[in-house]
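Chemist: need a structure here:
(one chain, ligands or ions: 2)
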Amino acid sequence: MKILVIGSGGREHALCWALKKSPLISKLYCAPGNGGIEDAADCVPIKAEDIPAIVDFCRQEAIDFVVVGPEGPLVMGLVDALDDAGIKSFGPRAAAAQLEGSKGFMKDLCRTYNIPTAAYQRFDNAEAAKEYVESQNLPIVIKADGLAAGKGVIIATTQAEAKETIDEIFGGLFGVAGAEIVIEEFMEGEEASFFALTDGENILPLATAQDHKAVGDGDTGLNTGGMGAYSPAPVMTDDMIALTMNRIIEPTVAAMKEQGTPYTGVLYAGLMITKDGPKLIEYNVRFGDPECQVLCARMKSDLLPALMATSDKSLASISLEWETDTALLVVMAAKGYPGAYEKNTEIKDLDKAAAIDDVLVFHAGTKRQDGKMLAVGGRVLGITGMGKTVKQAQKKAYSGISAISWPGGFCRSDIGWRAVDRNVAG
Ligand code: AMP
Ligand code: GLY
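Modeler: Ligands and ions are numbered 1, 2, ... in the order given. Below you'll find the predicted structure:
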């Protein structure tokens with residue numbers, strides 16, 4: 001079969017790396033890909049959001065199945081366009097992708113179907129929003145309704161900050177994504193990422209994972225797309241998984257079907273593990289990045305049939321096997337990230353890291369030019385270590401980092417600390 005992966009991040013590198021192992025694949029393409037993906041797939045220079053060009057390419061190359069990585073094209077209707085052209089794909093149609101595309105949509109669904117999430121209100125003007133804030137406890141969470149590349153959430157600790165944020169968002173801080181806002185209760189607890197494949201009816205939970213969103217050690221500083229991740233996540237005990245499935249994932253999949261917009265693909269629930277059990281922070285309609293990289297590192301089964309089963313409505317026949325070892329990933333980002341950062345700095349000795357046993361190197365923001373590997377994004381590399389314990393996996397990942405020579409980059413030095421603390425045997 002001929003397969004096309006859409007996207008250019010670490011997630012897509014990991015998906016290509018895993019898919020390349022499938023005996024069912026005769027040709028693997030990635031659009032647009034990156035400097036590392038070139039080793040696993042033929043990269044084609046088509047942007048992930050150029051829907052007509054993607055459909056044309058699929059027709060031209062007789063692509064059998066398209067795996068969509070990022071949320072942008074899903075919310076824009078890539079899967080709908082592929083369906084119309086008779087091309088099968090992995091991911092939800094636009095109407096179902098609203099679970100990520102509109103926080104208000106997702107919150108209203110939770111309210112209607114009693115899915116545990118933070119209490120909230122939606123607003124389309126600053127005055128009513130500010131009045132509401134005055135009646136609420138602090139801290140309070142203010143979110144732009146639409147897609148804002150993970151940056152549209154502000155946790156305000158004073159009334160003044162909350163009101164200023166409301167004015168800024170309605171003033172255009174996040175563009176059209178901020179035409180509406182959601183204000184919600186601050187939830188306390190530990191965060192975890194939960195992933196399940198679904199064909200609209202059947203649900204297959206994947207291995208558990210957790211990421212570190214903050215840029216600095218000790219989970220301090222600005223929020224990012226994720227500075228590291230590990231799988232399994234010790235906070236997701238069997239009981240917690242069962243509660244998450246019963247209270248959150250199953251009712252959501254049933255609700256989407258009932259509303260006439262069945263959800264297919266991977267459903268990624270951002271959870272807060274509170275004293276009252278798991279609560280939904282948000283839904284994403286794609287794999288998490290970097291979580292996808294540690295999931296792919298642990299997947300023993302062929303990934304392709306599982307992804308295809310979500311579109312063929314045959315997920316009930318799929319089971320997946322995972323390595324029992326822990327996978328732990330450390331992100332290397334360009335100095336300055338998540339603020340302004342320098343581009344086109346050279347990265348060396350990636351092969352030395354990749355040559356270490358139980359170390360995997362996935363690229364996120366790289367470009368190959370004149371025989372050199374250049375950093376062209378904020379998050380640039382994901383270095384995964386495998387180990388019997390979290391501690392061993394952590395040691396492996398950092399041994400990979402030490403082998404790489406990139407003066408323009410930095411990483412956190414404590415990825416996995418909560419899990420290391422829990423996993424004392426490590
Ligand atoms: P989101 O983009 O909705 O996942 O939010 C980004 C981050 O903001 C989350 O990963 C949490 O760390 C934090 N956050 C969002 N909503 C809440 C909430 N209601 N209570 C506490 N923290 C939150
Ligand atoms: N790691 C968080 C995300 O993919 O949104």
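Chemist: and the gap between the spatially most central residue of the chain and ligand 2?
Modeler: What sits nearest the mean C-alpha location of the chain, by Cα atoms, centre = their mean, is Gly288, with 1.6 Å. Gly288 sits at a distance of 4 Å from ligand 2 (criterion: Cβ to the nearest ligand atom, to the nearest Å). In this view, the C-beta of every residue, glycine as well, is placed from N, C-alpha and C.
Chemist: which residues touch that residue?
Modeler: Taking Cβ atoms under 8 Å, 6 or more residues apart in numbering, we find Gly288 in contact with 11, 193, 195, 209, 211, 226, 229, 268.
Chemist: again, only this time at 7 Å
Modeler: 193, 211, 268 (Cβ atoms under 7 Å, 6 or more residues apart in numbering).
Chemist: now the helix or strand containing the first one: buried residues?
Modeler: Read it as Ser193. In the assignment (DSSP states H and E), Ser193 maps to strand 190-198. Neighbour-count burial for strand 190-198 flags 191-198 (criterion: 16 or more other Cβ atoms under 10 Å).
Chemist: then stretch 118-126?
Modeler: Buried residues in stretch 118-126, counted by 16+ other Cβ under 10 Å: 118, 120, 122-123, 126.
Chemist: go through these and flag which are in strands.
Modeler: Judged by DSSP state E, strands contain the following of these: 120, 122-123.
Chemist: between those, which sits nearest ligand 1?
Modeler: Tyr120 (8.1 Å; Cβ to the nearest ligand atom).
Chemist: centre of the chain versus the longest helix seen in the chain, how much separation?
Modeler: Identified as the longest helix of the chain according to DSSP state H is helix 390-403. Distance, stretch centre to chain centre, for helix 390-403: 22 Å (Cα atoms, centre = their mean, to the nearest Å).
Chemist: so how many other residues sit close to Asn137?
Modeler: Per other Cβ atoms under 10 Å, the neighbour tally for Asn137 reads 7.
Chemist: roughly how far apart are it and Ala119?
Modeler: The spacing between Asn137 and Ala119, counted by Cβ to Cβ, to the nearest Å, is 10 Å.
Chemist: and Asn114, what's its pLDDT?
Modeler: Looking at Asn114, its pLDDT reads 97.
Chemist: for the closest residue to it other than its chain neighbours, which three-state class applies?
Modeler: The shortest distance from Asn114 to any non-neighbouring residue, by Cβ to Cβ, 6 or more residues apart in numbering, is to Pro251 (7.2 Å). Three-state call for Pro251 (DSSP: H, G, I helix; E, B strand; the rest coil): helix.
Chemist: and for Pro251, the neighbour number?
Modeler: Neighbour tally, Pro251, other Cβ under 10 Å: 18.
Chemist: what do you get for the one 4 residues further on?
Modeler: The local packing of Ala255 (other Cβ under 10 Å) involves 17 other residues.
Chemist: which SSE is it in?
Modeler: helix 250-258.
Chemist: that helix to strand 190-198, inter-axis angle?
Modeler: Put simply, helix 250-258 runs at 40 degrees to strand 190-198, going by axes from the mean of the first three to the mean of the last three Cα atoms, to 10 degrees.
Chemist: correct me, but Pro32 touches Ala41?
Modeler: No. Using Cβ atoms under 7 Å, Pro32 is not in contact with Ala41, being 10.9 Å away.
Chemist: average pLDDT for whichever helix or strand comes after the helix holding Ala255, rounded please.
Modeler: As assigned by DSSP H and E, the chain's next helix or strand after helix 250-258 is strand 265-274. Per-region confidence: strand 265-274 scores 96 on mean pLDDT.
Chemist: what is the neighbour count of the closest residue to Pro338 other than its chain neighbours?
Modeler: Among residues not flanking Pro338 along the chain, Thr224 sits closest, at 4.7 Å (Cβ to Cβ, 6+ apart). Thr224 has 21 neighbours, counted by other Cβ under 10 Å.
Chemist: also the one 3 residues further on?
Modeler: A count of neighbours around Met227, defined by other Cβ under 10 Å, yields 29.
Chemist: try Gly171
Modeler: A count of nearby residues for Gly171, using other Cβ under 10 Å, gives 10.
Chemist: quick one, what contacts the residue nearest to Pro338?
Modeler: Applying Cβ under 7 Å, 6+ apart to Thr224 gives the contacts 213, 215, 337-338.
Chemist: Asp211 pairs with what?
Modeler: Asp211 has the following beta-bridge partners by DSSP bridges: Ala229.
Chemist: was I right about it contacting Ala229?
Modeler: Yes. In terms of Cβ under 7 Å, Asp211 counts as a neighbour of Ala229; the distance is 4.2 Å.
Chemist: using TSV, please lay out the ones in strands among the buried residues of stretch 118-126 together with distance to Ile318 and pLDDT.
Modeler: TSV is the format used below for those (distance: Cβ to Cβ, whole Å; pLDDT from 0 to 100):
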residue	distance to Ile318	pLDDT
Tyr120	35	91
Arg122	37	90
Phe123	42	92
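Chemist: nearest spatial neighbour of Phe57, skipping sequence neighbours?
Modeler: Spatially, and ignoring its direct neighbours in sequence, Phe57 is nearest to Ile46 (6.0 Å; Cβ to Cβ, 6+ apart).
Chemist: in a strand, that neighbour, correct?
Modeler: No. Counting by three-state DSSP, Ile46 is not part of a strand but coil.
Chemist: and it, how many neighbours?
Modeler: Ile46 is flanked by 20 other residues according to other Cβ under 10 Å.
Chemist: the residue nearest to Asn114 touches Ile115, doesn't it?
Modeler: Yes. Between Pro251 and Ile115 a contact is recorded at 5.4 Å, counting by Cβ under 7 Å.
Chemist: re the thing from before, and which of the buried residues of stretch 118-126 is nearest Phe57?
Modeler: Of all those, Arg122 has the smallest distance to Phe57: 38.7 Å, by Cβ to Cβ.
Chemist: against ligand 2, how distant is that closest one?
Modeler: Separation of Arg122 from ligand 2 (Cβ to the nearest ligand atom): 22 Å.
Chemist: how about the contacts made by that residue?
Modeler: By Cβ under 7 Å, 6+ apart, the contact set of Arg122 is 104, 180, 182.
Chemist: leaving out sequence neighbours, find the closest residue to Lys396.
Modeler: Excluding its sequence neighbours, the residue lying closest to Lys396 (Cβ to Cβ, 6+ apart) is Gly385, at 2.7 Å.
Chemist: sorry, back to before: from what I see, the residue nearest to Phe57 and Tyr29 are in contact.
Modeler: No. Judged on Cβ under 7 Å, Ile46 makes no contact with Tyr29 at a distance of 9.4 Å.
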